[in-house]
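> Based on what follows, work out the 3D shape:
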Amino acid sequence: MKQLKTEIIALCDYASISREGKLSINGIFDELRVQNFPGGIARAFFVATVSGTPSTPYKLTLKIEPSGGFAGEQSSFNLDTSTGPNGKNNLIVKLAGLGFKEEGEYKFILSDGKQEVGSTLLKVFDQKKYSLNDIRLPN
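You can find the predicted model right below:
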C-alpha cells in the first residue's frame with residue numbers, strides 16, 4: 001500500500017469541486033489579522049489534494065493546534081475519504097466560526113492515524129499591534 005501524502009494543502013476564502021472533479025481555490029492565505037481576541041474567521045476552507053493507493057478508503061483527521069506554547073483552542077475533524085483510480089482525491093473542509101484566543105502560529109495537520117500526511121501554518125496577528133506597513137502583504 002502506497003503511503004498517503006499531500007500534493008496541495010492550503011487555507012482559503014472559498015473552494016469547490018466541479019462535477020468533473022476539478023478543484024477551484026480562491027483567496028489562499030497564511031496570515032490572519034484579528035481586531036479583538038478572542039477572534040477569528042467567520043468562514044474559511046481547508047483544502048488538500050491527497051495522493052495514495054488507487055481506489056482505497058482512508059480515515060483522516062484534520063487537527064488544528066497552536067504551536068510554540070500558545071493557548072489556542074484545539075479542534076479536530078474526522079474525514080472519511082477514498083482515492084480514485086488515479087490514487088488521488090481532493091478534500092475540502094468548511095471552517096465556520098473558527099476562533100483564536102491569542103496571536104501566534106496555528107498548525108493545521110492532516111493525518112492518517114498517527115502518520116502526518118501534510119500540514120500548513122496560519123499566523124494570527126493582533127491587528128492593533130501592527131501598522132499595515134509592518135506586515136508585508138503578498139503581491
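> Tell me who's in contact with Lys94.
Lys94 is in contact with Arg43, Phe45, counting by CB atoms under 8 Å, 6 or more residues apart in numbering. Quick note: C-beta positions are derived from backbone N, CA and C, even for glycine.
> next structured bit after the helix or strand harbouring it?
Secondary structure from DSSP states H and E places Lys94 in strand 88-100. For strand 88-100, the succeeding helix or strand toward the C-terminus, using DSSP H and E, is strand 104-112.
> Touching that next one from outside, list them.
4, 6, 9, 11, 46, 48, 50, 58-68, 70, 72, 91, 100, 116-124.
> Tell me where the model's unsure across the chain.
Residue ranges of the chain with pLDDT under 70: 67-74, 131-139.
> and the residue positioned nearest the centre of it, what helix or strand is that in?
The residue lying closest to the centre of the chain (CA atoms, centre = their mean) is Phe46, at 3.7 Å. Element membership for Phe46, per DSSP H and E: strand 39-51.
> Alpha carbons of the strand holding Lys94, in PDB - could you do that?
Written as PDB, here are the backbone C-alpha positions of strand 88-100 (Å, rounded to 0.1, in the frame of the first residue of the first chain):
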ATOM      1  CA  LYS A  88      -5.800  11.000  -5.700                       C
ATOM      2  CA  ASN A  89      -8.600  12.800  -4.100                       C
ATOM      3  CA  ASN A  90      -9.500  16.400  -3.300                       C
ATOM      4  CA  LEU A  91     -10.600  17.300   0.300                       C
ATOM      5  CA  ILE A  92     -12.500  20.400   1.300                       C
ATOM      6  CA  VAL A  93     -13.300  21.200   4.900                       C
ATOM      7  CA  LYS A  94     -15.500  24.200   5.600                       C
ATOM      8  CA  LEU A  95     -14.300  26.000   8.700                       C
ATOM      9  CA  ALA A  96     -17.100  28.200  10.300                       C
ATOM     10  CA  GLY A  97     -16.700  30.300  13.400                       C
ATOM     11  CA  LEU A  98     -13.100  29.300  14.000                       C
ATOM     12  CA  GLY A  99     -11.800  31.200  17.000                       C
ATOM     13  CA  PHE A 100      -8.300  32.000  18.300                       C
END
